[in-house]
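A.B. asks: Dropping the sequence and predicted coords here.
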Amino acid sequence: MGTVIAWIGEPDEDVPDGGGTNAAAPKAEPPDDAEGGGEKGAEKQDRDTSGGDAGARRGSATADRRSSAPSGRRDPSGRGAATEAPGEPEQDAADSRAGSPSGAATGQPADAGEAPPPQRAPEPESPGGELAVPGAGATGSGNGRVKASPYARKRAAELGVDLGAVQGSGPGGRIVAQDVERALSAAAEKPKQPAAEQAAEKPAAPAPQPQVSAGDDPYSEEEPSRLRRALARAMVEAKTTIPHFYLTTDVDAEPLLRLRAEINGIGPETPKFSVTDLIVRACALVLQSHPQLNAAWVDGRIRRFQRSNVSVAVALSEGLIAPTLRNLDGISMRETAERLHDLIGRAKSNRLRQEELSGGHMAVSNLGMFGIEQFSAIITPPQSSVLAVGGVRDEPVVADGQIKPGKRMRLTLAVDHRVTDGAQGAEALDRIRWLLEHPAALLV
C-alpha cells in the first residue's frame, strides 16, 4: 500500500480539489524537533486522513499526473486534461506538499484498491494546442472574383459602376445587369441628408492640407466622389474605345429666337420654351428621318432603333449626368418641353427613376448659357452621337449682298465612326440646322 499525501493545514481550511482553484499553497506545519519529526508527522497524517481521505486522494492523483506528464502536454493516459506548466498555482501547491514534514514523495500513486476521482472531459483542441473554433477557416470561393454575368460586367464598364459595391440579386448572389443599373440609380436617387445627419453617419474628412513639392509649388489633394469616379472611368473608356469624328456647322438663330419669343408671350397657360427644348425636338425628328444615326455599336454588331430616345446633359455639383427622354417621336413640341422641364428638375433634386438613367440613342449638351461658342463633347456608350451646342452670338452677316447684324449659333456633332460615316453624319447635321432655321417645322 502506497503512502498517501495528506493536506497539512488548519482543521477548518478547505482541501484543494486538484483543479487549481486555490491561488497559493498553504503553509506547512514546522516539526517540533529534528529527531521526532517523523512520528509526529505520522500522527498528524493519521488524524488528517481520517477526516479527509477523499480530498487527499484527489490531491495525490493530481500530483501524480503532473509529475508523470511532460509540461504543457496532455496526460498520456487520456483521462485528464492538459497539464499546466511549472510555476502555476497547482504546481506550487504540489512542491509545498513535497517539502512537508510527512516525508511523502510527490507523484506516488494512490491506493491500488481505490477508484480514481472523476475527471472532466477534455476540451476540443486544435492541432496547435489551442481550442478549436467551429467554422474557422471557411473562406467561401476563395478566388477573390465578383460573381457577375458577362452582360452585367459590360453594363458596369459602360456606366462606370464598381461591381464590388453592387449587391447581386441573381442565383447565389450573382450580379445581373438590373443590379448594375439599380446601383447607379440609387446613387442618383439618394436624397441629400442634413449636415448634422451626415456628420453623425461618418466622421468628417480632414480638410486638405497644403503640400509643398520639391519645386516649391503648393498643392492639396482630396478624395473624388463616387459619381466623379464613375464619370472618370466612363469617359476614359469612351474616349479610348469609340472612334470619334466631329462635324461643325453655323446656324442662323434669329428665326428660332423669334418663334420662341412669340410662343412664350402667348400666356401663362402655354409652357415656356427654351432653346434646348427646340434643339431636343429637332434631334428627335432627325433620328426618325436618318436611321443610320439612330443606332449603336453593341458587341461587334450594329443595333438599329425604332424610337427616338434623346439624353440631355445636366450639370450637378457632384458631377455630370445625362437622363433620357424616351419615345419623343410620337409626342408634340409642347409635351416634349413639359417632359424635359420635369426631367431636369428631378435630376437636380436627385429624384430620377432608374430607367431614366440609360437608354439614350443620342445626346444633347448645351453650354451656350456659359458663354461658350463652340466645343466638342464625348460620346457616352452605348450611344453613337452627341450634339454640342454653343451660345448665340451677335455678329455681322451677309444677306442679299448686304452686311447686316445677325445672330449665329454653332453646333458640333460627334459621331461614332463604327456606326456611320462622315457623309451620313453631315446629312444628319444639315437637317438639324435646317429645322432650327425653319422652326415652324418643329411644331407639326
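C.D. replies: Nice, I can see it.
A.B. asks: Show residues contacting stretch 234-247.
C.D. replies: Contacts made with stretch 234-247 from outside it, assessed by C-beta atoms under 8 Å, 6 or more residues apart in numbering, are listed as 157-160, 297, 376, 378-381, 412-418, 422, 425-426, 429. Where C-beta positions appear, they are placed from N, C-alpha and C, glycine not excepted.
A.B. asks: Restrict the residues you listed to the buried ones and give me that as a ChimeraX selection.
C.D. replies: When burial is assessed using 16 or more other C-beta atoms under 10 Å, the buried subset of those is captured in ChimeraX by this command:
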select :157,158,159,160,297,378,379,380,381,412,413,414,415,416,425,429
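A.B. asks: In helices only, show me the contacts of stretch 234-247.
C.D. replies: Among those, the members falling in helices (DSSP state H) are 157-159, 422, 425-426, 429.
A.B. asks: would TSV of those with pLDDT and distance to Asn350 be doable?
C.D. replies: As requested, those are arranged in TSV below (pLDDT from 0 to 100; distance: C-beta to C-beta, whole Å):
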residue	pLDDT	distance to Asn350
Ala157	84	24
Glu158	80	22
Leu159	81	17
Gly422	96	39
Gly425	97	35
Ala426	97	39
Leu429	98	34
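A.B. asks: would you list the residues you listed in a markdown table and tack on distance to Leu184?
C.D. replies: Written out in a markdown table, the entries for the ones in helices among the contacts of stretch 234-247 read as follows (distance: C-beta to C-beta, whole Å):
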| residue | distance to Leu184 |
| --- | --- |
| Ala157 | 12 |
| Glu158 | 10 |
| Leu159 | 5 |
| Gly422 | 33 |
| Gly425 | 29 |
| Ala426 | 34 |
| Leu429 | 30 |
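A.B. asks: List the contacts of Arg410.
C.D. replies: The neighbours of Arg410, taking C-beta under 8 Å, 6+ apart as the test, are 248-251, 373-374, 390.
A.B. asks: so what strands line up beside the host helix or strand of it?
C.D. replies: Using DSSP states H and E, the secondary-structure element containing Arg410 is strand 402-416. Pairing partners of strand 402-416, with direction, according to DSSP bridges: strand 244-252 (antiparallel), strand 385-389 (antiparallel), strand 393-399 (antiparallel).
A.B. asks: Excluding covalently adjacent residues, which one is nearest to Arg418?
C.D. replies: Spatially, and ignoring its direct neighbours in sequence, Arg418 is nearest to Trp297 (4.5 Å; C-beta to C-beta, 6 or more residues apart in numbering).
A.B. asks: so how far is Asp216 from Gly319?
C.D. replies: Counting by C-beta to C-beta, to the nearest Å, the gap from Gly319 to Asp216 is 32 Å.
A.B. asks: higher neighbour count, those two?
C.D. replies: More neighbours sit around Gly319 than around the other of Gly319 and Asp216, counting by other C-beta atoms under 10 Å; the figures are 15 against 6.
A.B. asks: Report the separation between the more buried one and Lys348.
C.D. replies: Per C-beta to C-beta, Gly319 is found 13 Å from Lys348.
A.B. asks: swap in Pro171?
C.D. replies: In this structure, Pro171 and Lys348 are 38 Å apart, going by C-beta to C-beta.
A.B. asks: Same question for Val286.
C.D. replies: As judged by C-beta to C-beta, Val286 and Lys348 stand 27 Å apart.
A.B. asks: who has more neighbours, those two?
C.D. replies: Using other C-beta under 10 Å, the more surrounded residue of Val286 and Lys348 is Val286, with 24 against 14.
A.B. asks: got the contact list for that one?
C.D. replies: Listed by C-beta under 8 Å, 6+ apart, the contact partners of Val286 are 293, 428, 431-432, 435.
A.B. asks: Am I right that it is in a helix?
C.D. replies: Yes - the assignment for Val286 by DSSP: H, G, I helix; E, B strand; the rest coil puts it in a helix.
A.B. asks: Run a quick neighbour tally on Val314.
C.D. replies: Counted with other C-beta under 10 Å, residues neighbouring Val314 total 17.
A.B. asks: Tell me the bridge partners for it.
C.D. replies: The residues listed as beta-bridge partners of Val314 by DSSP bridges are Ile321.
A.B. asks: got a list of what it touches?
C.D. replies: Taking C-beta under 8 Å, 6+ apart as the contact definition, Val314 lies against 320-323, 344, 347-348.
A.B. asks: go on, Asp250?
C.D. replies: Under the criterion of C-beta under 8 Å, 6+ apart, the contact list for Asp250 reads 408-411.
A.B. asks: Nearest to Pro268 among those?
C.D. replies: Closest approach to Pro268 among the contacts of Asp250 (C-beta to C-beta): Met409, at 27.9 Å.
A.B. asks: backbone phi and psi for Pro255, please?
C.D. replies: Here is the backbone geometry of Pro255 (degrees, to the nearest 10): phi -60, psi -40.
A.B. asks: Can you verify my assumption that it contacts Glu437?
C.D. replies: Yes - counting by C-beta atoms under 8 Å, Pro255 does reach Glu437; the two are 5.6 Å apart.
A.B. asks: And the strands in this protein?
C.D. replies: If DSSP state E is used as the criterion, the strands of the chain fall at 211-212, 218-219, 244-252, 295-298, 301-304, 310-312, 314-315, 320-321, 324-325, 362-366, 385-389, 393-399, 402-416.
A.B. asks: Over the second one, what's the mean pLDDT, rounded is fine.
C.D. replies: Confidence over strand 218-219 (mean pLDDT, whole number) is 90.
A.B. asks: name the helices or strands packed onto it?
C.D. replies: strand 211-212 (3 or more C-beta pairs under 8 Å, 6 or more residues apart in numbering; DSSP states H and E).
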